[in-house]
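build me a model:
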Amino acid sequence: MEEAETSTRRSKRTRAQTQAPAGNRAGPGTENREKAVDEAGRSPEGEESPDDFQELRPQPKRNRTAEAADPKADHRSFIEVIKGNGRHIPQVVKLWVERYEKNPKPAMVEILTMLFEACGARYYLKEEFLDETDVDDVVVALVSLAKQGEVEDYQNSKRKEFKNFQDNLLTFWNNLVVECQNGPLFDQVLFDKCMDYIIALSCTPPRVYRQVASLMGLQLVTSFITVAKALGAQRETTQRQSNAEKKKRSEGPRLESLNKRLSATHEQITMIEEMMRKIFTGLFVHRYRDIDPNIRMSCIESLGVWILSYPSLFLQDLYLKYLGWTLNDKNAGVRKASVIALQNLYEVDDNVPTLGLFTERFSNRMIELADDIDVSVAVCGIGLVKQLLRHQLLPDDDLGPLYDLLIDEPPEIRHAIGALVYDHLIAQKFNSQSGSKGSDDTSEVHLGRMIQILREFSTDPILIIYVIDDVWEYMKAMKDWKCIISMLLDENPVIELTDEDGTNLVRLLSASVKKAVGERIVPATDSRKQHHNKAQKESFENNRRDITVAMMKSYPQLLRKFMADKAKIPSLIEIIVHMKLELYSLKRQEQSFKSILKLVKEAFFKHGEKDALRSCVKAMNYCSTESQGELQDFARNQLKELEDELIAKVKSAIKEVEDGDDEYSLLVNLKRLYELQLSRAVTVGSLYDDFVRILTSLRSSNGEVVSLLLLNMYLHVAWSLHSIVSSETVSRGSVTSLLHMRNVLFEQLEYFLNTPSADGEVGKLGNQLACRVCTILAESWFLFRMTNFSSTNLENLGYSPDSSLCQKFWKLCEQQLDITDETEDEDVDKEYVEETNRDAVVIAAAKLVASDTVSKDDLGSDIISHYVMHGTGIAEIIKHLITVLRKKDDDLSTTFLEALKKAFQRHMLELSRGSDESATGKSSQECRDLAVRLSSMFVGAARNKHRQEILKIVKDGIEYAFLDAPKHLSFLEYSVLHFVSKLPAPDIMDVIKDVQNRTEGVNTEENPSGWRPYHIFLEILHEKYAKNEGLPEEKEGVSVRRRGRPRKQRNVQGKRLFDGHSSGEEEDSIGSSDHEDGQDEKQDEDEDDEAPLIHAIRSSSKLRSLRVSRDDSKSQSRLGDSSRVPDDSTASRA
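This next block holds a predicted model:
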């Protein structure tokens, strides 16, 4: 029957052609084209479309409407239709097929012309020579056109009219294959000819030819698969009909017809599969290695579609191996395409048995891709690993490195691993043995498994927060507040918790509460503020309500149970700031609220650790401002009672110390007062005078107590100033009192500037006090800077330190900069490590210069001279300072030169001390590195803009070098040379003459070693000037290896029609040339030799800012060596 229907369709088409006017069969367009084509195969700029477009076969009403809407559509050439919006493509293809069936040669010329034009070349074949024309000759002519620049690149054009070109081109070929499936597709002429040209063009040097030809060839295979699947379904239907007929009778006309149809269908499938293989071997196996990553990516994406949609042919190792090889491609897009293709394959359960050998061979690489250098590839790689786990194709032992990524820097990686951990370890979705899912899906079970995971990170609370953040989105049990509270109160002891487990569960509860109300628990990688839509805000409010209701009665029980536990109490107390306090009144739970406040107050005086104290202060402040009515009054009274009791305790502790008792009580209560003063003003009364008195007697004893005394004095002064500035009326007495307190504070601080090491302390305790002195003094100067009060009624409050005081301040700062990291790590009290490290000291000093509190002439050059000496953190601070100064004053030549001099003077000091080679080598390298960093700011257009500034640095630098020649001549080589390289050639010659003039009449041979830097300096300048070029560009700054995932290096290339070689296959193969031997599953890569992230973090004891990143200690060993951004060819860090 189907065969009869086919014959009917063909006969209708034939009748339509027969009914057409005979004069239109050979349209004038064909004759015009033949006349226009010259011997070289070219055509004039304009050409008419064949009049055969007028021969319309009967069309559905819909198409007639379309023709009426656009009667000119039939007169457009193929390339015009493809460059348009594409809606006429089906109609144009149908009309062309009719013409091809009537007269193949003109139609063949038309389709080949379109093929060439799609590649951007205007080349035309003569109809009468079509059969004799050799494909290679035509391709050579096309390549010649490209060499002459007569090719237009539609594929990569940014012009708006070509934005749909690629999609329309693929749609055209798909429509052509579908329209020809009942005839021309199997004539072994039309598509054989097209494939020959497409394959030949895909192997030519012009990139645009390869791009367009590859797209067309890959689309042909995709379209062939569509036809093959339809034929396969038809074959199955015919086979079933034949089998049914055989059961009725052994022979007969119907059975014979069915067998013929079955044989014909099978023959067509065989033929179309052979066409697929032809394109695969002729095009794909070459282009998947193309130098253009877009071509490689298109090949792999298409192969993934082919295997998935037509597994009977493509789901075999012969084709799968290309997906495995391209997992190592140097381009992230290609790797991602391969991973996505594999994900889709493993998604289909029926494919898994056939993928067994492939999985065994490439599973290690798939696991490595989870830590790919490109974040998007890594996320897809993790998804692929999940697929492998779902089919139980990976042993658990291979997953160890993946769990380290729970604390990786990019949040996308962490959350993808979090999903994997939840599915595999918590929900155990991939475990075939967990048949009884009912009992395993309870919140208690999931929380128990989560606690087991958190045990691995118990030594570091920050890592626990990262893990919770990663899994929270997928684990509903973390939002089961009642279940968590019940486990903490041991009401349902399904799981026996150790003390460590209880601490982790409290941390989980606190972190989960914060996440539920929209707070971040892990610092963002960017500084952008969170924005929530209306639905999210409503969800957060509902969660806040649910949390409050769930904890209303049990919260006081938790606080009582864990009151003495310093590890649990901070997280527990902080939960209250995320509750809806008005519900306590609505639910008539006022007594519960009052109990909570009393318990918080009790915890404040029971604990002396920073975290516990800050949580208590935060909770008390929140309750006193956010509660309502009677409860708010009660909260404020409790806070006032807390202040009064604290003041009394501090006074009592001071008296005890003066009587000769231990200082511990004073230390703890001073810490409590400090934490309280950080958030609110506290009326200390006569306590300030007590601070001064006890401070004088304790200067040489406990540095931590002295630090807290100074901090509390500073905070009281700051709150007093704030009160005066914010008041509408200011009394003279309040100003006088403030001035007295300020001057007393300055006297106490300046004492430590004058005798920073009077007690001989060298331990961290003394260093911590010195850091506090530096930061408090800087903040005090900043608070009372002259610019704040000039031209106001409070002008007498302004203060400006003199130069000698600034130098004493900087000398103390420098002492802290010289402290090694190892010394910092030995600190026994790490509570305030963020406030007493080198970064804090440099920030304080830089703030003084940036705000004009201190002149840049006093401190600017001193700070900048340490630019490259102390690692990435301090370098970034100083870099920011320079940026601020350049905005204020474009000419920093004097400051830069003074900084260079001071770095050089430190080097000369090392030489005079007779230090070993490592110390002198390090100091000389620091001079060079500083010059490189500072000179790198004058690049590009900035060279001309700042030419005079550069010249000033060079001339004054030469002057300085010759002041004490030859002793200081190495300054030329270390510092001046890097700035001379930024000058134009004429200026370089002037510099040469200036330097030579300074040695007239000087015998440089008397001290050859001393004058060696002078000769090296001149030699390099002469050499470069002779070549009429400046010195080679220095690397812009001494870049230190970036922590975490390396930045992706952009590979931006100009659009070129030609590559260096014929098609880029040789230099861009995946690994070595012999893929078939399987020896090249990995490319040669520039591997990043960073240590695994988890080890770096576990070994670090300086997680100061809740940022987890890779150890970059190797990058700081020699700051002079500019580290390279990882090459784009690096596929993975693993």
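
please make it C-alpha for all contacts and neighbour counts, starting now.
Will do.

ok, longest helix in the chain?
helix 207-248 (DSSP state H).

moving C-terminal of it, what's the next helix or strand?
helix 253-279 (DSSP states H and E).

ok, residue 956 - contacts?
residue 897 (CA atoms under 8 Å, 6 or more residues apart in numbering).

gap between the residue nearest to the spatial centre of the chain and residue 421?
Computing the C-alpha centroid of the chain and ranking residues by CA atoms, centre = their mean puts residue 410 first, at 6.0 Å. As judged by CA to CA, to the nearest Å, residue 410 and residue 421 stand 17 Å apart.

again with residue 375
Counting by CA to CA - residue 375 and residue 421 are separated by 18 Å.

chain center to the longest helix of the chain: distance?
43 Å (CA atoms, centre = their mean, to the nearest Å).

by contact count, what packs against that helix?
helix 165-179, helix 190-201, helix 253-279, helix 293-309 (3 or more CA pairs under 8 Å, 6 or more residues apart in numbering; DSSP states H and E).

between the shortest one and helix 207-248, how big is the angle?
Angular relation of helix 190-201 and helix 207-248 on a 0 to 180 degree scale: 150 degrees, by axes from the mean of the first three to the mean of the last three CA atoms, to 10 degrees.

give the buried residues for helix 190-201.
190-191, 194-195, 197-201 (16 or more other CA atoms under 10 Å).

I figured residue 967 hits residue 1010, correct?
Yes - counting by CA atoms under 8 Å, residue 967 does reach residue 1010; the two are 6.5 Å apart.

mind checking which of the two has more residues around it?
With neighbours defined as other CA atoms under 10 Å, residue 967 and residue 1010 compare such that residue 1010 has more, 17 against 13.

quick one: residue 457 is in a strand?
No - membership of residue 457 in a strand is not supported by DSSP: H, G, I helix; E, B strand; the rest coil, which gives coil.

that one: how many residues sit nearby?
By other CA under 10 Å, neighbour count at residue 457 equals 17.

before we move on, what about the one 4 residues further on?
Residues lying near residue 461 (other CA under 10 Å) number 15.

start the count at 2, not 1, going forward
Okay, using 2 as the starting number, the last item reads as residue 462.

distance of it relative to residue 971?
Counting by CA to CA, the gap from residue 462 to residue 971 is 51 Å.

ok, residue 646 next?
From residue 646 to residue 971 the distance is 65 Å (CA to CA).

who has more neighbours out of the two?
residue 971 (22 against 12).

give me the nearest residue to the more buried one, chain neighbours excluded.
residue 1014 (5.2 Å; CA to CA, 6 or more residues apart in numbering).

state the helix or strand in which the residue lying closest to residue 298 once chain neighbours are set aside lies.
Using CA to CA, 6+ apart and skipping the chain neighbours, the partner closest in space to residue 298 is residue 335 (4.6 Å). Per DSSP H and E, residue 335 falls inside helix 333-348.

contacts for that helix, please.
Outside helix 333-348, the residues that reach it (CA under 8 Å, 6+ apart) are 294-295, 297-298, 301-302, 304-306, 308-309, 324-325, 327-330, 352-353, 375, 377-378, 381-382, 384-385, 388-389, 1132.

and those, which of them are buried?
Using 16+ other CA under 10 Å, the buried members of those are 294, 297-298, 301-302, 304-306, 308-309, 324-325, 327-330, 352-353, 375, 378, 381-382, 384-385, 388-389, 1132.

and residue 122, its phi and psi?
Residue 122 has phi and psi values of phi -110, psi 140 when expressed as degrees, to the nearest 10.

and the gap between it and residue 97?
Computed as CA to CA, the residue 122 to residue 97 distance reads 22 Å.

can you check residue 191 too?
Residue 191 is 12 Å from residue 97, by CA to CA.

tell me where the model's unsure across the stretch 752-901 of the chain.
Applying pLDDT under 70 to the stretch 752-901 of the chain flags the ranges 757-766, 821-831, 891.

if you set the cut-off to 90 instead, what comes out?
752-771, 788-799, 804, 815-839, 856-859, 870-873, 887-894 (pLDDT under 90).

can you map out the helices along it?
765-784, 787-790, 804-818, 822-826, 839-851, 857-865, 873-889, 894-913 (DSSP state H, counting those that start in this stretch).

want to throw those into CSV with mean neighbour count and distance to residue 745?
Shown next, in CSV, are those (neighbours: other CA atoms under 10 Å; distance: least, CA to CA, whole Å):
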stretch, mean neighbour count, distance to residue 745
helix 765-784, 22, 12
helix 787-790, 16, 19
helix 804-818, 18, 16
helix 822-826, 13, 31
helix 839-851, 21, 21
helix 857-865, 21, 25
helix 873-889, 16, 31
helix 894-913, 20, 34
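
quick one: which of the ones you listed is nearest residue 110?
helix 873-889 (65.0 Å; CA to CA).

ok, back up a step: identify the farthest-apart pair in the buried residues of helix 191-202.
Pairwise distances across the buried residues of helix 191-202 (CA to CA) peak at 16.9 Å, for the pair 191 and 202.

now stretch 368-379: buried residues?
Within stretch 368-379, the residues that count as buried by 16+ other CA under 10 Å are 368-376, 378-379.

now do the end-to-end distance for it.
End-to-end for stretch 368-379, by CA to CA: 10 Å.

please work out the average pLDDT along that stretch.
Averaging pLDDT along stretch 368-379 yields 92.

how far does it sit from the chain's center?
12 Å.

any weak-confidence spans in the stretch 952-1101 of the chain?
962-971, 973-975, 978-1101.

rerun at 50
Along the stretch 952-1101 of the chain, the model assigns pLDDT under 50 to residues 1031-1101.

so which residues of it form helices?
Counting by DSSP H, counting those that start in this stretch, the helices of the stretch 952-1101 of the chain are 971-972, 978-981, 986-998, 1009-1027, 1094-1100.

who does the longest one touch, helix- and strand-wise?
Using 3+ CA pairs under 8 Å, 6+ apart as the contact definition, the elements that helix 1009-1027 packs against are helix 986-998.

which of the residues in the helix it packs on are buried?
Those would be 986, 989-990, 992-993, 996, for helix 986-998 by 16+ other CA under 10 Å.

packing partners of it?
Partner elements for helix 986-998 (3+ CA pairs under 8 Å, 6+ apart): helix 1009-1027.

how far does the helix it packs on sit from the chain's center?
In terms of CA atoms, centre = their mean, the centre of helix 1009-1027 is found 45 Å from the chain centre.

also stretch 97-108?
On CA atoms, centre = their mean, the centre of stretch 97-108 falls 55 Å from the chain's centre.

pull the residues that contact stretch 485-499.
With CA under 8 Å, 6+ apart as the criterion, stretch 485-499 contacts 445, 449, 479, 503, 506-507, 510, 552, 555, 558-559.

could you do stretch 570-590 as well?
By CA under 8 Å, 6+ apart, stretch 570-590 touches 507-508, 511, 514-515, 518, 545-546, 548-550, 553, 559-560, 563-564, 591, 593-594, 601, 604, 612-617, 619-620, 623-624, 627-629.

buried only: go through these for me.
507-508, 511, 514-515, 518, 545-546, 548-550, 553, 559-560, 563-564, 591, 593-594, 601, 604, 612-617, 619-620, 623-624, 628-629.
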